[in-house]
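Participant: coords please:
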Amino acid sequence: MGLGRAALGAALLVVAACGSPERPDSAAGAAEARYVGRDACRSCHSETWSTFIHTGMGMSWYPLASATSIEDWTDKNLLELPETGLRYRMQKRGEKFFMRQSIADGRGGETAVDERELTWVVGSSHHSRTYLVTDGPALFQAPVCWYTKDALWDLCPGYESNNDYFSRPISRTCVFCHNARMEMLPGAHNAYAEPIPHGIDCERCHGPGERHVAKWSRGDTPTGEGDSAIVNPRKLTPELRMQICFQCHLGDSKATERVARNETTLEAWRPGRPITAAMLPYRFSEATPHDYGLSAQVDRLLLSRCFRESGGRLECVSCHDPHVTVYRADRPADFFTSKCKECHDPGACRGTPAARQATSPPDDCVACHMRKAVPDDHNHALFTDHWIRGRIDEPARPRASLAIEPYLPAAVAALSPGDRAYYMARAISLRTFSVPPELQRRMWPQAESAFRQAIAEGFRDPQARFYLGKALAAQGRHDQAAAEYAAAYAREPGDFDIALAHGQALLRARRVAEAEKVFEAATREHPESAGGWAELARTRAGHNDFEGALDLFRKAIACEPWTASMHVNAAMMLSALERHAEAIAEAETAVRLDPAGPSAWDAYAALLERAGRPADAAVAKGRARELDYARGRRMNDVRAM
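Facilitator: Got it, this is the predicted structure:
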């Protein structure tokens with residue numbers, strides 16, 4: 001008995017998020033001096049090197065080993081999530097460390113077990129530690145983090161609302177701010193060439209060191225005039241020096257958007273150049289006095305009157321030596337206060353006497369003028385809000401305005417009108433994902449208007465029409481979105497993301513033959529991308545060619561074995577071919593990869609029913625209903641934010 005075409009069409013899971021790998025470095029960046037790693041700096045700069053490796057940057061990424069372990073692996077090492085029944089147990093066995101994910105089976109046991117070895121640590125341990133797992137050469141984040149202040153295990157930031165389990169890829173945007181230079185393997189988007197560096201290094205602020213090392217390795221005599229082969233931030237203007245910090249510390253996840261320039265990549269940027277050559281930072285015009293993000297140090301400092309009126313005297317390095325940790329034991333108690341005294345008379349402080357008396361030491365300016373709290377995108381950790389101000393006890397209030405503005409308006413003003421409109425539109429559309437759904441409905445029309453303006457002003461890159469299509473689709477205007485995808489595809493058919501969106505729009509319009517041609521071309525040009533294979537498989541399934549569809553889904557799985565929906569779809573094809581044991585095995589892989597996903601359990605239940613196992617199917621169906629209810633409650637919580 002075959003699986004009916006109508007039932008199959010309803011059952012197949014759409015894989016809409018499988019875009020292409022990020023674009024490779026520009027030729028200009030590749031032609032410059034190479035990165036050599038921090039060990040090349042050690043012999044000549046031993047003292048600076050020895051202190052830098054103990055900073056948060058120097059300790060940002062390293063292998064998980066017994067010598068560095070600070071977590072509880074034996075006692076309080078179980079995290080249970082009653083809402084979904086998910087469980088995580090962290091264990092050490094020998095010299096290796098593991099995270100075991102499962103879900104309660106309702107009978108006192110566990111099911112959908114997925115255990116992974118933890119290989120890398122991301123984070124200095126001052127506040128938290130994140131762990132990475134591997135799938136072949138690919139890197140993924142583990143869902144549970146260790147939080148140092150409260151000495152406990154809990155979900156990593158973002159996982160409480162969107163648990164990606166072990167499938168959140170470590171993309172180049174992740175590694176850019178959390179490690180030294182990592183080279184992407186050809187055709188990959190989260191797999192990197194060995195050796196992988198152990199932490200942010202000297203070259204992050206000084207630029208690639210190949211020529212500098214070569215010069216001094218051949219015995220040149222120092223002249224005291226420096227070396228033009230390497231960047232010395234001391235010799236830069238205050239503006240360009242601070243923009244080195246912009247790389248990673250201008251990044252409030254709830255307020256800031258760094259829009260990549262179309263013609264280059266962030267990796268191609270080098271210290272000493274304007275950051276706007278690689279990306280344009282935007283922010284919500286209205287700053288929230290209470291809420292701030294983990295990486296918003298520069299965002300908040302730029303709001304400070306101290307910074308605005310200092311004439312360039314106040315910058316990040318005024319208070320922070322990047323080569324020495326702020327957590328060092330010998331740091332004077334009045335270290336930061338002494339920095340404030342360089343410009344301010346402490347006797348003129350208008351802080352309340354009670355507040356001044358409560359601080360320790362009594363003249364601690366930071367305690368009264370820089371709020372310390374849990375940031376809005378992190379848990380179980382206290383961070384300093386770098387917005388220096390007279391009052392830090394303002395009450396929490398939601399953002400009243402959704403207007404967006406550039407951080408560096410002069411750089412944006414120098415762009416063409418079309419470019420200005422396009423990058424503003426990108427900033428609006430990207431910021432839309434950081435607000436609750438009811439506010440998104442207000443922002444998408446703004447993004448649409450700005451994209452239309454960019455096109456009217458002569459912005460010719462097909463990305464404008466592609467993203468206009470995305471904005472229209474987000475508003476439910478799929479026919480109009482399809483027209484924009486078609487226009488973008490006509491201009492750049494080799495762009496995988498454009499091709500995928502265009503093909504999916506054709507499928508939605510039941511123009512199956514045209515969609516097939518688009519997907520066939522996409523798989524020829526981008527065989528490493530799972531989305532093309534999966535969508536082409538869906539068209540084959542629509543023709544009841546289940547064997548052909550299965551073969552294509554297998555190719556998609558080979559590209560992304562960690563994506564649950566690929567396994568669900570392969571299971572559907574196997575079931576249609578009456579290969580029920582294989583179908584159930586694929587479905588069990590899917591629920592292992594997505595244990596709290598109602599759709600995976602629904603599919604599993606249907607396959608069990610077809611295989612003649614009604615009791616097991618009833619259990620799986622019940623689990624799907626429970627998880628669907630839990631997901632609905634979480635969505636209501638998000639809407640109430």
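Participant: mind listing the helices for the stretch 401-550 of the chain?
Facilitator: Under the criterion DSSP state H, counting those that start in this stretch, the stretch 401-550 of the chain contains helices at 409-413, 417-432, 437-456, 463-474, 478-491, 496-508, 512-525, 530-542, 546-559.
Participant: go ahead and name everything in contact with the fifth one.
Facilitator: Read that as helix 478-491. 462-463, 465-466, 468-470, 472-473, 495, 498-499, 501-502, 505-506, 508-509, 518 (Cβ atoms under 8 Å, 6 or more residues apart in numbering). For glycine as for every other residue, the C-beta is placed from the backbone atoms N, C-alpha and C.
Participant: pull the longest helix from this structure.
Facilitator: The longest helix of the chain (DSSP state H) is helix 614-639.
Participant: what angle do that helix and helix 437-456 make?
Facilitator: 70 degrees (axes from the mean of the first three to the mean of the last three Cα atoms, to 10 degrees).
Participant: convert the C-alpha atoms of stretch 364-378 to PDB, please.
Facilitator: Output of stretch 364-378 as PDB, limited to C-alpha atoms (Å, rounded to 0.1, in the frame of the first residue of the first chain):
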ATOM      1  CA  ASP A 364      34.100  54.000  44.000                       C
ATOM      2  CA  CYS A 365      32.700  56.100  41.000                       C
ATOM      3  CA  VAL A 366      31.700  53.000  39.100                       C
ATOM      4  CA  ALA A 367      29.300  51.800  41.900                       C
ATOM      5  CA  CYS A 368      27.200  55.000  41.600                       C
ATOM      6  CA  HIS A 369      27.600  55.700  37.900                       C
ATOM      7  CA  MET A 370      27.800  52.400  36.000                       C
ATOM      8  CA  ARG A 371      25.000  50.000  36.600                       C
ATOM      9  CA  LYS A 372      25.900  46.300  37.300                       C
ATOM     10  CA  ALA A 373      23.200  43.800  36.500                       C
ATOM     11  CA  VAL A 374      22.300  40.700  34.600                       C
ATOM     12  CA  PRO A 375      22.300  41.600  30.900                       C
ATOM     13  CA  ASP A 376      19.100  41.000  28.900                       C
ATOM     14  CA  ASP A 377      20.800  38.400  26.600                       C
ATOM     15  CA  HIS A 378      22.600  36.300  29.300                       C
END
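Participant: mind checking which of the contacts of helix 478-491 are buried?
Facilitator: Among these, those classed as buried by 16 or more other Cβ atoms under 10 Å are 462-463, 465-466, 468-470, 472-473, 495, 498-499, 501-502, 505-506, 518.
Participant: would you mind measuring from residue 170 to residue 593?
Facilitator: From residue 170 across to residue 593, the span is 17 Å (Cβ to Cβ, to the nearest Å).
Participant: swap in residue 403?
Facilitator: Counting by Cβ to Cβ, the gap from residue 403 to residue 593 is 40 Å.
Participant: which one of those two is surrounded by more residues?
Facilitator: Set side by side, residue 403 and residue 593 give different neighbour counts by other Cβ atoms under 10 Å, the larger being at residue 593 (23 against 11).
Participant: could you measure from the nearest residue to that one once chain neighbours are set aside over to residue 198?
Facilitator: Of all residues not flanking residue 593 in the chain, residue 564 sits nearest, at 4.1 Å (Cβ to Cβ, 6 or more residues apart in numbering). From residue 564 across to residue 198, the span is 32 Å (Cβ to Cβ).
Participant: repeat for residue 617
Facilitator: The gap separating residue 617 from residue 198 is 49 Å, by Cβ to Cβ.
Participant: same question for residue 71.
Facilitator: As defined by Cβ to Cβ, residue 71 lies at a distance of 19 Å from residue 198.
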